[in-house]
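Chemist: Below is the sequence, then the predicted model.
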Amino acid sequence: MTTCRVCGVRSVRPLCPTHQAALAARKSARRGGWKRKPGADAAKARDGGCVMRGRGSPCRGPLQVDHIVPLSAGGADTLANKQTLCAEHHRLKDVLPA
């Protein structure tokens, strides 16, 4: 027997049944909750694939639309500020310095 991480009620799991149900509902909503962004299809059509292909590592994974200047850094959510990257290059872009 253990206690719920959220409310401290004694439970056989790390979360009591109430909080376990709430967590399951949030996960379910996230899985089906992603909405297609308006400029994503236009960016993929314009770029025709990963814009970094042929620059070192091979393209892997599905195509993703990335903001060139992140929204958190003041970038605009416009087609001009979007580029298409494969999952591998998107991951590398996010960890490498500019």
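Modeler: Thanks, I have the structure now. Note that the structure is a prediction, hence the values are computed from the model and not measured.
Chemist: From here on, just use CA atoms for contacts and neighbour counts.
Modeler: Noted.
Chemist: Number of residues surrounding Cys59?
Modeler: The local packing of Cys59 (other C-alpha atoms under 10 Å) involves 20 other residues.
Chemist: Assign a three-state SS to it, would you?
Modeler: Under DSSP: H, G, I helix; E, B strand; the rest coil, Cys59 falls in the coil class.
Chemist: show me the contacts for it.
Modeler: Cys50, Arg53, Cys86, Ala87, Glu88, His89 (C-alpha atoms under 8 Å, 6 or more residues apart in numbering).
Chemist: ok, those vs Ala22, which is closest?
Modeler: Nearest to Ala22 among these is Ala87, at 30.7 Å by C-alpha to C-alpha.
Chemist: how near is the closest one to Pro62?
Modeler: 6 Å (C-alpha to C-alpha, to the nearest Å).
Chemist: next one: Thr18
Modeler: If you measure Thr18 against Pro62 using C-alpha to C-alpha, the figure is 36 Å.
Chemist: moving C-terminal of the helix or strand of the chain with the lowest mean pLDDT, what's the next helix or strand?
Modeler: Counting by mean pLDDT, DSSP states H and E, the chain has its least confident helix or strand at helix 17-33, which shows a mean of 68. Once the chain leaves helix 17-33, the next helix or strand it forms, by DSSP states H and E, is helix 40-47.
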